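Asker: Return a 3D structure for these sequence lines:
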Amino acid sequence: MDKAKLQAQGILEPSHGAYKTFTPTVAVVGAVILAMFCAFVEYEVPELSASQISQYYKWLLDVEVMIFIGFGFLMTFLRRYGFGAIGFNFFCSCLVMLEGVLIIGAVQQVLGKGQHLVTLELPLLIDATFCAGSAMIAYGAVLGKTTPTQLMWLMVGLVPFYALNQHLVFRTLQALDMGGSITIHAFGAYYGLAASLVLSNGRQAPGAYTSCNIKNSATYTSNLFSMIGTIFLWMYWPSFNGALASIEAGPEGITDPTTALQLPQQYYCVVNTLLSLLGSCVSTFMMSSFLNQGKYDMMHVQNATLAGGVAMGSASALKLSPGGAVAVGLFAGILSTTGFGRLSPILESKIGLGDTCGVHNLHGMPGLLGGLVAGLAAFSQLPGVTAHGNTQLGYQILALVCTVIVAAGSGALVCAAATGRLGTNQAKALNSIRQRAGADDYTQGSELAANNGAAIDGLALFEDHTFWTETPLETFYSGAMADGTNYSRRTGSQHMKAGSSHHVRSPSHHGGKDVVAAAATGVAAGVPASPRPDQGLYSQQAV
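Answerer: Just a heads-up that it's a prediction; the model follows:
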């Protein structure tokens, strides 16, 4: 069988470069991390370690539950990418935490401090886990659209920019951001969105990386699994915002003990965050019903109900009014739900931005809102609570602008380098695949890897079969794609039945030739049920 034809149907051969690079790449990166741990990391002194366990260990566990269970299961909504969502979330989070200890520790403890070793404190481990959370937010934007090696480099490349941006926000600008609305959520969102734009804009591979792809869809069961992640995230979000807040300590950014007021920061973090989450849950259901003519969209419930936790992050350690905390959550839920229902389809159609998990709506916009809320709340605080007093809002805005610029710039650069997009003419690559595969057997979602000339088809995206064992390939002759009735698209204010789009060819048994089943407009269309052939690309032997 012609290799190009196999590749153009999403069936990668064992010799494909995507299968060869992961093991040696991880081995090299792992060896470097191990060497640096041996040379530059030391334990905390015994006198301080016991107090750190009693104060921080419980919060560290709560944050890890959010990262490994919450984010992992939240991303299982894709009907063909559950293994990839949980598995790569697990792997990448562990890798980012190890790298985070080294780089964040170096920035916090070594840079300008005269210290030569990184001390392994529990607050540093929590910070490294926060960095993993930001990385998983970025992963959500490119979920299902990269090879494991490309994804690993995206995550590895995030950590240095995350650490430097964190230093800029906290130390240079002294912005308020206890729960990470700016440094965790906004940074991760715009890093991932920039990377996704490099992957999914129309110049690269029309439609294959967006909701037009027939496999970028959910089922009833996958949506239920995703709700497990939502519930865990919702329950543990107060711990996320308050993990590094002291039980009773001076405000963030204040270093002079004579001017710092003693505030019950963790109490404020827990109460403010919970009230905001309650508000966002209520407003999400309200807006989802409004946008869907009285019905509810599970995509909204899975995500926008959490927007209150994101929006309260920066101001969580401040003394707000209970009504104010609820109001922040109510507005965040409305903003996030409207983003999913109205803004995402516009961005996808206008600039080709494929945001698989909708991180712009859950983490991007609510993260920006959170930074502004902290600046506005600073006006009502007592003198000495914030680093800049009544001018704090200006520093919050500056921190937001800097974060978006650093995140978007680094995300685009790292993704271009990791995926070989630098200097690659994707239009010529598509034409090359088209000519070699033949007019009747190709999929327009194909792309040409810049380094080895191997094709990765649109049907291989959002698909566990590509990189996981014991997962049969779903084709137009098998599974949900055969009848087009068992899954729903993840875009717009309503879940539309997923079908073929302008970028994908759907075979119907017609004289042995494939025919285009969908209209050129890309509107969902049913795929005719066809018998599975005994031979050919979609036969049992070929799969």
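Asker: quick one: contacts for the closest residue to F232 other than its chain neighbours?
Answerer: With CB to CB, 6 or more residues apart in numbering as the measure, G70 is the residue that lies nearest to F232, at 4.2 Å, once sequence neighbours are left out. (Glycine included, C-beta is placed from N, CA and C.) With CB atoms under 8 Å, 6 or more residues apart in numbering as the criterion, the residues that contact G70 are G229, T230, F232, L233, Y236.
Asker: Give me the pLDDT for G70.
Answerer: Here the pLDDT value assigned to G70 is 98.
Asker: same check, this time on the one 3 residues further on
Answerer: At F73, the predicted lDDT confidence score is 98.
Asker: Could you report the distance from it to L382?
Answerer: Using CB to CB, to the nearest Å, one gets 41 Å for the distance from F73 to L382.
Asker: between the two, who's got more neighbours?
Answerer: Neighbour count, other CB atoms under 10 Å: between F73 and L382, F73 has more, with 23 against 10.
Asker: Would you enumerate the residues in contact with that one?
Answerer: Under the criterion of CB under 8 Å, 6+ apart, the contact partners of F73 comprise A85, I86, F225, S226, I228, G229, F232.
Asker: tally of neighbours for the closest residue to the second one other than its chain neighbours?
Answerer: Among residues not flanking I86 along the chain, G72 sits closest, at 4.5 Å (CB to CB, 6+ apart). As a burial measure, the neighbour count of G72 was computed by other CB under 10 Å and equals 22.
Asker: need the contact list for G72.
Answerer: Taking CB under 8 Å, 6+ apart, we find G72 in contact with A85, I86, N89, F90, G229.
Asker: so which strand or helix has it?
Answerer: G72 is part of helix 72-74, with elements assigned from DSSP states H and E.
Asker: how distant is that helix from the center of its chain?
Answerer: 11 Å (CA atoms, centre = their mean, to the nearest Å).
Asker: ok, now stretch 304-313?
Answerer: Between the centre of stretch 304-313 and the centre of its chain there are 15 Å (CA atoms, centre = their mean).
Asker: start to end distance for that stretch?
Answerer: The stretch stretch 304-313 measures 15 Å between its terminal residues, going by CA to CA, to the nearest Å.
Asker: average pLDDT for that stretch?
Answerer: For stretch 304-313, the mean per-residue pLDDT is 98.
Asker: what does stretch 334-352 give?
Answerer: When pLDDT is averaged over stretch 334-352, the result is 94.
Asker: ok, and what's touching it?
Answerer: Contacts made with stretch 334-352 from outside it, assessed by CB under 8 Å, 6+ apart, are listed as 197, 200-203, 206, 210-211, 280, 283-284, 286-288, 291-292, 297, 299-300, 303-304, 307, 353-355, 358, 360-362, 365-366, 369, 491-493.
Asker: Give me the buried subset of these.
Answerer: Using 16 or more other CB atoms under 10 Å as the burial test, the contacts of stretch 334-352 include 197, 200-201, 206, 210-211, 280, 283-284, 287-288, 291-292, 297, 299-300, 303-304, 307, 353-355, 358, 360-362, 365-366, 369, 491-493 as buried.
Asker: hey, C-alpha coordinates of stretch 225-238 in CSV?
Answerer: Coordinates of each C-alpha in stretch 225-238 appear next as CSV, following Å, rounded to 0.1, in the frame of the first residue of the first chain:
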residue,chain,number,x,y,z
PHE,A,225,-16.1,11.9,32.6
SER,A,226,-15.2,15.5,32.0
MET,A,227,-17.7,16.5,34.8
ILE,A,228,-15.6,14.5,37.2
GLY,A,229,-12.8,16.9,36.6
THR,A,230,-15.1,19.9,36.9
ILE,A,231,-16.4,18.8,40.3
PHE,A,232,-12.9,18.2,41.7
LEU,A,233,-11.7,21.6,40.4
TRP,A,234,-14.7,23.4,41.8
MET,A,235,-14.3,21.8,45.3
TYR,A,236,-10.5,22.4,45.6
TRP,A,237,-10.2,25.8,44.0
PRO,A,238,-10.2,27.6,47.4
